[in-house]
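> this is the structure alone, sequence omitted:
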């Protein structure tokens, strides 16, 4: 008999988790605070491209949706390029056939996940903002459970609460009160945009992913092909933290904003074709980049965190989504193996995932720091490091994001088995 699992947050992590849990024989219900158009896979937030690397794609492969994702997105089977802001090449990374990336519109990915999950009976309940939760411990008369109270006065009870409620997680705040653990502004404010290119545009045959950056003033432009002649782009600038959190709502007067950003890129001496693409955008939204400090535990009782709620990180390595998908893969695999032992599953989930995500988050911060240089010597050293990394990847066919989550579960099982089999150490103080 499967578990009744409450998922708070209907983003990519929450939807993928619900799909995997349903496939593993559990009952999963997603409670999302925003309104969602299920048929279109659209959250009440702007729709832009996201990049998923090989370590995240393997989860989709195991869940049976990778082929659909490949069809809807843009497989990155060409090099990934890194350039100075004026287009001068720094290095490139060869993408091997079995180390692919996929760039896809967020709405297209959501639609695939929601449809697959819906076919297995997953419910998606919208307009539900978590207010609080309580837990009941196991006793002779009651089983362990979690009850979630929503802002509209309704509540729901289940065996587990898994919070996929993002970098501003309300669940994390409630789990660890008084920890002074707030999102940390990175100093970067970006503008996400979409531009549709005409057939035959040279950009459609270039790399699916290209980065342009000025490390002296922390400005950058990222270009990503997401299929269907669409370019999803991000212009990032170093600014003071805005007084209000960006809602990600697209600008109503986007032609004016597109013209402003195109002029800004020209002032940065960016390539003219990039400024032209941005000037022709049909959707632009502001987004402020935050970090979240790594913590030593994600779980209290039958409540745990996943994705950005557990380990939000800046986008410098493009690993936010893929780290969340790794979380999903590990937790689903554990709950599939041990459906009657959820406490054991949550303990092992933390043991596997916290060291991994802490390491990647730190590497992400280091990459961000390397993209800000005060002198030409620092810039030279930083670019030299990127060139060396590119040489290593291209020469030795190095898999930058290689990770097998099922193997990691097997390793943890062996550790537990060996620990259980080890004889207790003699303690002379007990005599």
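Thanks, I have the structure now. Computed from a predicted model, the values in this text were never measured in an experiment.
> you'd agree residue 177 is in a strand?
No. Secondary structure of residue 177 (DSSP: H, G, I helix; E, B strand; the rest coil): coil, not part of a strand.
> what is the neighbour count of it?
By the measure other C-beta atoms under 10 Å, the count of residues near residue 177 is 7. From N, CA and C alone the C-beta is placed, and that goes for glycine too.
> what's it sitting at in phi/psi?
With angles defined as degrees, to the nearest 10, residue 177 shows backbone torsions of phi -70, psi 150.
> look at it and report its pLDDT.
At residue 177 the predicted local confidence, pLDDT, stands at 89.
> try residue 361
92.
> check residue 45 too.
Per-residue pLDDT puts residue 45 at 53.
> again with the one 10 residues further on
Reading off the per-residue confidence, residue 55 sits at a pLDDT of 93.
> what is whichever strand or helix holds residue 288 packed up against?
Assignment of secondary structure by DSSP states H and E places residue 288 within strand 283-291. On a contact count with 3 or more C-beta pairs under 8 Å, 6 or more residues apart in numbering; DSSP states H and E, strand 283-291 meets strand 184-196, helix 254-267.
> each with direction, which strands does the first one pair with?
Right, the one you point to is strand 184-196. If you go by DSSP bridges, strand 184-196 pairs up with strand 230-238 (antiparallel), strand 283-291 (antiparallel).
> contacts for the last one?
With contact meaning C-beta atoms under 8 Å, 6 or more residues apart in numbering, strand 283-291 is reached by 46-48, 167, 183-186, 188-194, 234, 236, 241-242, 245-246, 248-251, 254, 257-258, 261, 312-315, 365.
> of those residues, select the buried ones using a ChimeraX command.
The buried subset of these, as determined by 16 or more other C-beta atoms under 10 Å, is captured in ChimeraX by this line:
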select :46,47,48,167,183,186,188,189,190,191,192,193,194,234,236,248,250,251,254,257,258,261,312,313,314,315,365
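> and for the closest residue to residue 121 other than its chain neighbours, the neighbour number?
Take residue 121 and drop its neighbours on the chain: the residue closest to it by C-beta to C-beta, 6 or more residues apart in numbering is residue 22, 6.4 Å away. The burial count assigned to residue 22 is 22, neighbours taken as other C-beta under 10 Å.
> by contact count, what packs against the helix or strand harbouring residue 22?
Of the helices and strands defined by DSSP H and E, residue 22 is found in helix 12-23. Packing partners of helix 12-23 (3+ C-beta pairs under 8 Å, 6+ apart): strand 4-8, strand 27-32, helix 54-62, helix 106-119, helix 320-337.
> how about the ones you listed in TSV, adding mean neighbour count?
Shown next, in TSV, are the helices and strands packed on helix 12-23 (neighbours: other C-beta atoms under 10 Å):
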stretch	mean neighbour count
strand 4-8	24
strand 27-32	24
helix 54-62	22
helix 106-119	21
helix 320-337	25
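> for residue 224, find the nearest of the ones you listed.
helix 106-119 (12.0 Å; C-beta to C-beta).
> I'd like the mean pLDDT over the closest one, please.
Computed over helix 106-119, the mean pLDDT rounds to 94.
> what of stretch 405-425?
For stretch 405-425, the mean per-residue pLDDT is 83.
> pull the distance from that stretch to the chain's centre.
Taking the mean of its C-alpha atoms, stretch 405-425 sits 29 Å from the chain's own mean (C-alpha atoms, centre = their mean, to the nearest Å).
> that stretch: which residues count as buried?
Neighbour count says stretch 405-425 has 405, 408, 409, 412 buried, by 16+ other C-beta under 10 Å.
> just to be sure, the second one is in a helix?
When you say that, I think you mean residue 408. Yes. Assigned with three-state DSSP, residue 408 falls within a helix.
> leaving out sequence neighbours, find the closest residue to it.
Counting by C-beta to C-beta, 6+ apart, residue 352 is the residue found nearest to residue 408 once chain neighbours are left out, at 5.2 Å.
> where does that neighbour land in three-state SS?
Using three-state DSSP, the three-state assignment for residue 352 comes out as helix.
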